[in-house]
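Asker: Below is the structure, and that's it, no one-letter string:
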């Protein structure tokens, strides 16, 4: 397991943020880690909605149980997050 | 003995080019320093500086300028400006003093290179005066904040800032290194004297001067006018050089230098001038909005200069016009959010009245940046202060060294490339284009995030990062300039 720092942009945020995740983290775990630095900080919560992750430029989000490593994300890759 | 008029001797004395016999021309003017190696030396004799001055005249005028500025300072020292000025104006002054004076020393070195390596005698002459100008600018802008250090240690960043690795200093130093210190004298003069000085210094030195006078800081206003009167002269150094480039097959290089430097300068000034003008200066003292000031003082004049010289507007012009309503808003909420990392106490500038003004000047502000501020303000109003500083770092642009920001839901976007296996993030499509012009120049830049990820910041936590950036060293981490008193009108009790 290795730490993978990502550049995340949560929809509605004004700034890209650094988010260190682990290569074995699933997209749901990544989303929860992203929540701590975005939701309630610069973005209002939307209770009950899932947070999805997709690579910049992709239409479809990653499957929620896919790991960072399987998704092929490497250090400082940019990913978008949004409320489903 | 009667003295000759300057016009009777000037051309003879400044025409100091000759044909070297003991060394080659390449040794006298190495291409890497002097530039335009394919253009014969004799062509540079036609360089005609628009502003001519003798040393005697220069010294006399400069002495009067210094006497004027320092006498105002002395007269006002008893006026207790520091305790009478608004916290917002103090924020603006400290931001300026921490970021600008030492860059003036860089500029003095830059002008000194013109004296040695410029092929045009007139440019060498102007460079000599320019170097002395910039030395004066460094000294006066170090002297003025010094009197406030015993009242507020943050003013010491004027002297100490460039000895730190603060992220804001890294951004300013990177721009200085790229445009002033590491290019041949031709490219440097186009980027600095033409694009930076004729293009932008009016912003800081006239716009901020007006705001300073309105805010009651007459010594700052006088000092900054004194500086700008020099800038207005030596900034003209680049224009005749551009004419020579256009006439001698260097049009593409000239355009590229203008396009790179205009953007880099714009993005830095959005922080240095844009934030103070729209957020720090008290509402009742604001002369214009940042966007209005840009439109009135910068855009029209710069477009005319380009047209007169036969150059095109930068290819990203439409994108730039949109950016006038974006970049500084994003950088403001960013710098405010990460306020412990600053050398000045920031002013939020988002009281209800101020938000009305922002909405009037920037329609849609409340629905975009305002939404992010709503969350920040709600946290503050309800005592969740720990939520008001993000628990991570912002991603930093590899070119501007500034946080990557944009309008929420609209222009906030990931701009990424992979170079030599490294994923690199940019603040805009223009920053990405600049990188692609010369990847080897920019790829080794170590932003504050690069340094953090490389393990250079120890301990690798907020405390370690702050210490690395000089906070807790030169001064304590910064905080809201008004002690959050502006939040009171948003507190639940105020709504009842």
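Answerer: Structure's in. What do you need? Just so you know, these numbers come straight off a predicted model, no measurement behind them.
Asker: Mind checking what helix or strand follows the longest helix belonging to chain B in sequence?
Answerer: As assigned by DSSP state H, the longest helix anywhere in chain B is helix B:121-146. Using DSSP states H and E, the next helix or strand after helix B:121-146 towards the C-terminus is helix B:157-160.
Asker: Need the mean per-residue confidence for the next helix or strand after that next one.
Answerer: Downstream of helix B:157-160, the first helix or strand assigned by DSSP H and E is helix B:167-176. Summarised as a single mean, pLDDT over helix B:167-176 is 96.
Asker: same for helix B:167-176, what does it pack against?
Answerer: helix B:87-99, helix B:101-117, helix B:251-269 (3 or more C-beta pairs under 8 Å, 6 or more residues apart in numbering or on different chains; DSSP states H and E). No exception for glycine: its C-beta is placed from N, CA and C like everyone else's.
Asker: Off-centre distance for the longest helix of chain B?
Answerer: 16 Å (C-alpha atoms, centre = their mean, to the nearest Å).
Asker: Kindly report the same for stretch B:155-173.
Answerer: 13 Å.
Asker: go on, stretch B:372-385?
Answerer: 31 Å.
Asker: which residues are in contact with it?
Answerer: For stretch B:372-385, contacts defined as C-beta atoms under 8 Å, 6 or more residues apart in numbering or on different chains pick out A:12-14, A:40-44, B:333, B:336-337, B:350, B:355, B:387-388, B:408, B:484, B:487, B:490-492.
Asker: Next step: these restricted to helices.
Answerer: B:333, B:336-337, B:355, B:492.
Asker: Buried among those? Need that as a selection in PyMOL.
Answerer: Restricted to buried positions by 16 or more other C-beta atoms under 10 Å in any protein chain shown, the PyMOL selection for those reads:
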select buried, chain B and resi 333+336+337+355
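Asker: and the ones in helices among the contacts of stretch B:372-385 near chain A, which?
Answerer: B:333, B:337 (C-beta under 8 Å from any C-beta of the partner chain).
Asker: and of the ones in helices among the contacts of stretch B:372-385, the nearest to chain A?
Answerer: Here the nearest of those to chain A, counting by C-beta to the nearest C-beta, is residue B:333; it sits at 6.1 Å.
Asker: got a list of what that closest one touches?
Answerer: Applying C-beta under 8 Å, 6+ apart, the residues near residue B:333 are A:14-15, A:42, B:369, B:372-373, B:376.
Asker: nearest to residue B:36, of those residues?
Answerer: Comparing those against residue B:36 with C-beta to C-beta picks out residue A:15 as the nearest, at 41.6 Å.
Asker: and that closest one, what are its bridge partners?
Answerer: Per DSSP bridges, the residues bridged to residue A:15 are residue B:405.
Asker: and it, how many neighbours does it have?
Answerer: Residues within reach of residue A:15, counting by other C-beta atoms under 10 Å in any protein chain shown, total 24.
Asker: try the one 5 residues further on
Answerer: As a burial measure, residue A:20 scores 13 neighbours (other C-beta under 10 Å).
Asker: partners of the longest strand seen in chain A, with directions?
Answerer: Using DSSP state E, we find that the single longest strand of chain A is strand A:3-10. Strand A:3-10 sits in its sheet next to strand A:17-22 (antiparallel), strand A:78-83 (parallel), going by DSSP bridges.
Asker: how about the nearest residue to residue B:16, chain neighbours excluded?
Answerer: For residue B:16, ignoring the flanking residues on the chain, the nearest one in space by C-beta to C-beta, 6 or more residues apart in numbering or on different chains is residue B:121 at 4.7 Å.
Asker: again but with residue B:271, I slipped
Answerer: Nearest residue to residue B:271, sequence neighbours excluded (C-beta to C-beta, 6+ apart): residue B:331, at 5.0 Å.
Asker: Please report the distance of the one you found from residue B:402.
Answerer: Distance, residue B:331 to residue B:402, by C-beta to C-beta, to the nearest Å: 6 Å.
Asker: what stretches of the stretch 101-250 of chain B score poorly on pLDDT?
Answerer: B:202-204 (pLDDT under 70).
Asker: Let me have the ones in helices among the contacts of stretch B:372-385 in a markdown table, adding pLDDT as columns.
Answerer: Shown next, in a markdown table, are the ones in helices among the contacts of stretch B:372-385 (pLDDT from 0 to 100):
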| residue | pLDDT |
| --- | --- |
| B:333 | 98 |
| B:336 | 98 |
| B:337 | 98 |
| B:355 | 98 |
| B:492 | 86 |
